[in-house]
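Student: Pasting the sequence and the predicted coordinates here, then a few questions.
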Amino acid sequence: MIRMAGVDKFFGPLHVLKNIDLEVPKGQVVVVLGPSGSGKSTLCRAINRLEPINSGIIEVDGKQLPAEGKQLAALRADVGMVFQQFNLFAHKTILENVMLAPMKVRKLNKTDARTRAMELLERVGIANQADKHPAQLSGGQQQRVAIARALAMRPKVMLFDEPTSALDPEMVQEVLDVMTTLAKDGMTMLVVTHEMGFARKAADRVIFMADGEIVEDSTPTEFFTSPRSARAKDFLGKIL
Ligand code: ADP
Ligand code: MG
């Protein structure tokens with residue numbers, strides 16, 4: 001579902017992604033771990049072309065994303081992304097936030113967009129807040145809306161970049177629960193997170209990045225019980 005081959009990314013002289021090869025089959029849940037600055041966010045952003053790459057190939061469902069234009073909008077819609085900051089439209093209601101993109105990009109009519117949005121708000125446990133504005137919701141609720149909004153486009157892949165890092169501790173689990181359900185329902189997911197409980201329980205695969213490289217690629221059990229590299233051992237020593 002995702003294929004990266006020989007991907008390089010530079011910010012000026014800084015080599016941020018170094019010859020990345022990564023294939024994620026349909027339905028797989030990949031957790032990306034690594035120290036700050038190792039290139040995790042850039043990897044996510046490269047996959048849906050929020051960040052141009054300098055060389056290599058990135059395909060989603062067998063299609064390479066064009067660099068720009070109308071086609072990009074359509075293909076990018078196949079890749080849902082959820083950020084640390086929820087980025088909801090503050091002046092729109094929760095329902096409108098979820099309805100908007102499918103109407104604009106997928107050309108859904110209003111009735112269908114509303115029906116789909118309500119189903120998704122139901123699924124993330126927030127249907128009863130549909131007419132409120134983002135500021136009236138807790139951080140955990142807002143992040144669940146952000147997930148519903150991404151799902152409204154019926155993406156083939158969901159990317160999560162530290163989705164719980166900006167949340168108060170008591171709200172982390174409600175967001176992880178939604179993500180776990182999504183994973184169980186068969187969504188292809190790439191999740192950057194520091195939530196090791198989620199990595200252990202929900203991931204099929206753990207990728208550990210350091211200095212722009214994929215240093216380890218293993219099962220959660222392998223990674224947490226017997227990391228091979230010194231850098232992974234050092235990382236685990238600091239967080240566990
Ligand atoms: P992570 O998400 O693992 O913390 P990032 O992908 O955000 O890492 O960053 C990788 C490296 O690229 C870091 O050294 C960071 O400072 C640098 N970087 C990220 N975004 C930019 C940018 N827009 N301009 C210049 N350097 C950047
Ligand atoms: Mg990051």
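Tutor: Structure's in. What do you need? From a predicted model like this one, the values you see are computed outputs, not experimental measurements. Ligands and ions are numbered 1, 2, ... in the order given.
Student: And Val16, which helix or strand is it part of?
Tutor: Val16 is part of strand 14-24, with elements assigned from DSSP states H and E.
Student: Spell out which residues of this protein are next to ligand 1.
Tutor: With C-beta under 6 Å from any ligand atom as the criterion, the chain meets ligand 1 at residues 11, 14, 16, 34, 36-42. Every C-beta, even on glycine, is put in place using the N, C-alpha and C of the backbone.
Student: Also within reach of ligand 2: list those from those.
Tutor: By C-beta under 5 Å from the ion, the members of the residues of the chain next to ligand 1 lying near ligand 2 are 40-41.
Student: Next, give me the two most distant ones among the residues of the chain next to ligand 1.
Tutor: Phe11 and Gly34 (16.9 Å; C-beta to C-beta).
Student: quick one, which of the two is more surrounded?
Tutor: Per other C-beta atoms under 10 Å, whichever of Phe11 and Gly34 has more neighbours is Gly34, with 24 against 11.
Student: Tell me which residues touch that one, please.
Tutor: Gly34 makes contact with 40, 208-210, 215, 235 under the criterion C-beta atoms under 8 Å, 6 or more residues apart in numbering.
Student: mind listing which of those are in helices?
Tutor: The members of the contacts of Gly34 that map onto helices under DSSP state H are 40, 235.
Student: Just among the contacts of Gly34, which is most surrounded?
Tutor: Met209 (27 neighbours).
Student: Output the lowest mean pLDDT helix or strand found in the protein.
Tutor: One helix or strand of the chain scores below all others by mean pLDDT, DSSP states H and E: helix 70-76, with a mean of 74.
Student: Got the confidence number for Ala67?
Tutor: Ala67 is assigned a predicted lDDT (pLDDT) of 67.
Student: Next: Arg106.
Tutor: Per the predicted model, pLDDT is 86 at Arg106.
Student: Ramachandran coordinates for Leu190?
Tutor: Dihedral pair for Leu190: phi -120, psi 120, per degrees, to the nearest 10.
Student: Grab the nearest non-local neighbour of Lys18.
Tutor: Leaving out its chain neighbours, the residue that sits closest to Lys18 by C-beta to C-beta, 6 or more residues apart in numbering is Gly212, at 4.3 Å.
Student: Could you count how many residues lie near the one you found?
Tutor: Neighbours of Gly212 (other C-beta under 10 Å): 22.
Student: what bits of this structure have low per-residue confidence?
Tutor: Counting by pLDDT under 70, the chain shows low-confidence ranges at 67-68.
Student: Please tell me how far the residue lying closest to Arg123 once chain neighbours are set aside sits from Ile94.
Tutor: Leaving aside its chain neighbours, Arg123 sits nearest to Ala148 (7.0 Å; criterion: C-beta to C-beta, 6+ apart). Using C-beta to C-beta, to the nearest Å, Ala148 is found at 8 Å from Ile94.
Student: intersection of neighbour lists for the two?
Tutor: Shared contacts of Ala148 and Ile94, counting by C-beta under 8 Å, 6+ apart, come down to 121, 126.
Student: thinking again about what came up before, centre of the chain to the strand holding Val16, how far?
Tutor: 17 Å (C-alpha atoms, centre = their mean, to the nearest Å).
Student: what sits against the closest residue to ligand 2 within the chain?
Tutor: Closest residue of the chain to ligand 2, C-beta to the ion: Ser41 (3.2 Å). Each residue near Ser41 by C-beta under 8 Å, 6+ apart is listed here: 161-162, 192.
Student: Of those residues - the most surrounded one?
Tutor: Val192 (23 neighbours).
Student: ok, what's across the strand from that residue?
Tutor: Bridge pairing for Val192 (DSSP bridges) gives the partners Val32, Asp161.
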